[in-house]
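K.L.:
coordinates only, sequence not included:
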């Protein structure tokens, strides 16, 4: 369930006008920007963008970028893009971030459905005039390249069929890969990048049954270079995206990492953020909004809390 | 240009009826089957299939399989499928063929446009309930896996932009890869599997300018294990599919390889077969039809010649 609160009735024209007014005069009326855009779903935001363009011959996103600043500007910018386009931007930023961006690439490629991932690849090409796999491959090498390129290029089968025998064999292959330091990871990469999510779930369950622990646990016992971390992230995203996102939020709040906080809230606010919030409370005994209130400030804070379902004032 | 001759006016119902009649009685009237299906384009064939199913509550393709036999049956079967589905079948057969099927996988992945390749991957999943990349990856290993999985999973950028500097750098990378026996092929695979076809063309041209010979030439000088052969096929398909197909036909006729002959004629008969035929004549000083007439026989021969534009009788 989403945390975003958006009206069933709305007028794109009236919203465009109100935003235009918020940009006028001395400074920007950020409160109005949040009150409007923080309460509109993706279709409504696209309609507002179109209405604004038609009424004022100006791109609303560009105007917002020039009116706002800092983390707030960045969050609004990401929020205004359609999902596939937003993920393409996030992936491109991640590629340019080098090693510290690997987890974002893995997250996007592993959480999205095959259809969503493919739509994102098309959006990436449309925006950057190159393919996503091309940019990742030319910025990485060896195992991490194989893993990242495999994850983004694959179009996993989406059916619910499970091959139980295969789950056992491949659980063993993963166990061998994980157990051996500097082991042969080619097979682990193959399994993680090409099998259907349903099949992988069966494999991970089998792993746990046979070897008495979660595959993710053993994985970071062994080593924790960039490749192992990326494998770890991939498995966590494939196994349980909600639990994964809860941890991203927890770390983001601990480290004051607004980029990660923005990414999760903006990406999931219209989808399953309620569930992630519940997991957060269960794990930390503190409400997510409370933790965010303590660690962020200003318009950015107001905007993020709005997307989390808080009615301001 | 196509070699297939199909009528602008036709009745799917009448064709279905005529085919039904051809199946009646003692033996099958293969001549009628060829006269009808050998002169219908892909849309018409699909309409006939539907009409037949509606009129006789029977799948036309299944019926054809039971009525016909040998190479003729196989050719008709492939001809009756829609393009993406046919390529999915060809790819699946190639995977099961092991090493000798690698060239077919490379051919399909390298000749098709990104859109066609993606449609084929969807058709593959629909038919086999697994992904194409999954089946290839689990039947191969090391370099050949990287190359084949990379070729089929990539969705190349389709734009016409060329980065001249990159063409030079990557021509040099390819040269180094090709020059060194047992060299590091990871970079060569990356370039061949991810760059846009337009960019690759610029890179191959640059290679020729700088190193005085075609990249394909040097490649088979070095070695000719399965991986080198697959690289060679990929480059030839990416560079000049018509020239590539001419050679497939030449070898098929020389070796009596009906599967390869069928594959090219059935795949290209509605597309660019005229051009391939012209190249064949240029290279061999013999008309393709003449060469086929000499090396094949029976209904198979009649059907292939029909697809090549020959009006029988």
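P.N.:
It's in. These figures come from a predicted structure and were not determined experimentally. Residues are numbered from 1 along each chain as shown, chains lettered A, B, ... in the order given.
K.L.:
Skip the chain neighbours and tell me the closest residue to residue A:292.
P.N.:
Excluding the flanking residues, the one nearest residue A:292 by Cβ to Cβ, 6 or more residues apart in numbering or on different chains is residue A:304, at 6.0 Å. For the C-beta atoms, the positions are set from N, CA and C on the backbone; glycine is no exception.
K.L.:
May I have the secondary structure class of that neighbour?
P.N.:
Reducing the assignment at residue A:304 to three states with DSSP: H, G, I helix; E, B strand; the rest coil gives helix.
K.L.:
ok, now residue A:300?
P.N.:
With three-state DSSP as the basis, residue A:300 sits in helix.
K.L.:
My read is that it contacts residue A:71, right?
P.N.:
Yes. Residue A:300 lies in contact with residue A:71 (Cβ atoms under 8 Å); the separation is 4.4 Å.
K.L.:
Give me the more crowded residue out of the two.
P.N.:
Neighbours per residue, other Cβ atoms under 10 Å in any protein chain shown: of residue A:300 and residue A:71, the larger number sits with residue A:300, 24 against 20.
K.L.:
In contact with that one, which residues?
P.N.:
Contacts for residue A:300 (Cβ atoms under 8 Å, 6 or more residues apart in numbering or on different chains) come out as A:70, A:71, A:72, A:75, A:258.
K.L.:
Quick check: chain neighbours aside, which residue is closest to the fourth one?
P.N.:
Ranked by Cβ to Cβ, 6+ apart and with sequence neighbours excluded, the top spatial neighbour of residue A:75 is residue A:262, at 4.5 Å.
K.L.:
That neighbour contacts residue A:74, correct?
P.N.:
Yes. In this structure residue A:262 lies within contact range of residue A:74 using Cβ under 8 Å: 6.4 Å.
K.L.:
more neighbours, these two?
P.N.:
residue A:262 (25 against 19).
K.L.:
From residue A:171, how far out is that one?
P.N.:
Separation of residue A:262 from residue A:171 (Cβ to Cβ, to the nearest Å): 37 Å.
K.L.:
Tell me where the stretch 201-313 of chain A has helices.
P.N.:
Secondary structure of the stretch 201-313 of chain A (DSSP state H, counting those that start in this stretch): helices at A:215-222, A:226-239, A:241-255, A:258-268, A:273-284, A:288-295, A:298-307.
K.L.:
quick one on the thing from earlier: need the buried ones from the contacts of residue A:300 selected in ChimeraX.
P.N.:
Buried subset of these, written as a ChimeraX selection, criterion 16 or more other Cβ atoms under 10 Å in any protein chain shown:
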select /A:71,72,75,258
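K.L.:
Out of the contacts of residue A:300, which comes closest to chain B?
P.N.:
Ranked by distance to chain B (Cβ to the nearest Cβ), the contacts of residue A:300 are led by residue A:75 at 29.6 Å.
K.L.:
Which strand or helix spans that closest one?
P.N.:
Using DSSP states H and E, residue A:75 sits in helix A:70-80.
K.L.:
Can the very next helix or strand once past that helix be said to contact chain B?
P.N.:
Per DSSP H and E, the first helix or strand lying C-terminal to helix A:70-80 is helix A:83-96. No. Helix A:83-96 lies apart from chain B when judged by Cβ under 8 Å from any Cβ of the partner chain; the minimum separation is 12.9 Å.
K.L.:
which bits of chain A sit near chain B?
P.N.:
Contact residues (Cβ under 8 Å from any Cβ) of chain A with chain B: A:118, A:121-122, A:125, A:129-131, A:133-134, A:137-138, A:141-142, A:145-146, A:149-150, A:153-159, A:161, A:186, A:190, A:193-196.
K.L.:
try it again with 7 Å
P.N.:
Contact residues (Cβ under 7 Å from any Cβ of the partner chain) of chain A with chain B: A:121, A:125, A:129-131, A:133-134, A:137-138, A:141, A:153-157, A:159, A:161, A:186, A:190, A:194-195.
K.L.:
now those residues: which count as buried?
P.N.:
Buried among the residues of chain A next to chain B (16+ other Cβ under 10 Å): A:121, A:125, A:130-131, A:133-134, A:137-138, A:153-157, A:186, A:190, A:194-195.
K.L.:
With pLDDT as extra columns, can I get the contacts of residue A:300 in a markdown table?
P.N.:
Putting the contacts of residue A:300 into a markdown table (pLDDT from 0 to 100) gives the following:
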| residue | pLDDT |
| --- | --- |
| A:70 | 97 |
| A:71 | 98 |
| A:72 | 98 |
| A:75 | 98 |
| A:258 | 97 |
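K.L.:
could the contacts of residue A:300 go into JSON lines alongside distance to residue A:204?
P.N.:
Below are the contacts of residue A:300 laid out as JSON lines (distance: Cβ to Cβ, whole Å):
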{"residue": "A:70", "distance to residue A:204": "40"}
{"residue": "A:71", "distance to residue A:204": "36"}
{"residue": "A:72", "distance to residue A:204": "39"}
{"residue": "A:75", "distance to residue A:204": "34"}
{"residue": "A:258", "distance to residue A:204": "32"}
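K.L.:
Point out where the stretch 201-313 of chain A drops to low pLDDT.
P.N.:
Filtered on pLDDT under 70, the stretch 201-313 of chain A yields the residue ranges A:221-223, A:312-313.
K.L.:
Contact partners for the nearest residue to residue A:296 once chain neighbours are set aside?
P.N.:
Spatially, and ignoring its direct neighbours in sequence, residue A:296 is nearest to residue A:304 (6.5 Å; Cβ to Cβ, 6+ apart). Shown in contact with residue A:304 (Cβ atoms under 7 Å, 6 or more residues apart in numbering or on different chains): A:75, A:261, A:265, A:292, A:296.
K.L.:
now residue A:40
P.N.:
Residue A:40 sits next to A:6, A:10, A:48 when contact means Cβ under 7 Å, 6+ apart.
K.L.:
Go ahead and confirm residue A:237 touches residue A:109.
P.N.:
No. Using Cβ atoms under 7 Å, residue A:237 is not in contact with residue A:109, being 8.2 Å away.
K.L.:
So between those two, which is more surrounded?
P.N.:
residue A:109 (27 against 22).
K.L.:
check contacts around the more buried one.
P.N.:
Going by Cβ under 7 Å, 6+ apart, residue A:109 touches A:117, A:151, A:152.
K.L.:
For the first one, the count of nearby residues, please.
P.N.:
If I follow you right, that is residue A:117. Residue A:117: 22 neighbours (other Cβ under 10 Å).
K.L.:
Could you do the last one as well?
P.N.:
Here the neighbour count serves as a burial measure; for residue A:152 (other Cβ under 10 Å) it reads 27.
K.L.:
Not counting sequence-adjacent ones, nearest residue to it?
P.N.:
residue A:109 (4.6 Å).
K.L.:
Next: the first one.
P.N.:
When the adjacent residues along the chain are set aside, residue A:117 lies closest to residue A:109, with 6.2 Å between them (Cβ to Cβ, 6+ apart).
K.L.:
How is chain A divided into domains?
P.N.:
Domain segmentation of chain A under automatic domain parsing yields A:12-68, A:84-153, A:164-225+A:234-239, A:242-297.
K.L.:
Now the terminal residues of the second one, how far apart.
P.N.:
Right, domain A:84-153. Domain A:84-153 has an end-to-end distance of 15 Å (Cα to Cα, to the nearest Å).
K.L.:
Compute the mean per-residue pLDDT across it, please.
P.N.:
Mean pLDDT, computed over domain A:84-153, is 98.
K.L.:
That one: how far from the chain's middle?
P.N.:
12 Å (Cα atoms, centre = their mean, to the nearest Å).
K.L.:
one step back: among the contacts of residue A:304, give me the pair with the biggest separation.
P.N.:
Using Cβ to Cβ, these reach their maximum pairwise distance at A:75 and A:292, which is 12.2 Å.
K.L.:
Next up, the contacts around residue A:288.
P.N.:
Residue A:288 is in contact with A:249, A:277, A:280, A:281, A:308, counting by Cβ under 7 Å, 6+ apart.
K.L.:
Quick one: which of these is the most crowded by neighbours?
P.N.:
residue A:249 (27 neighbours).
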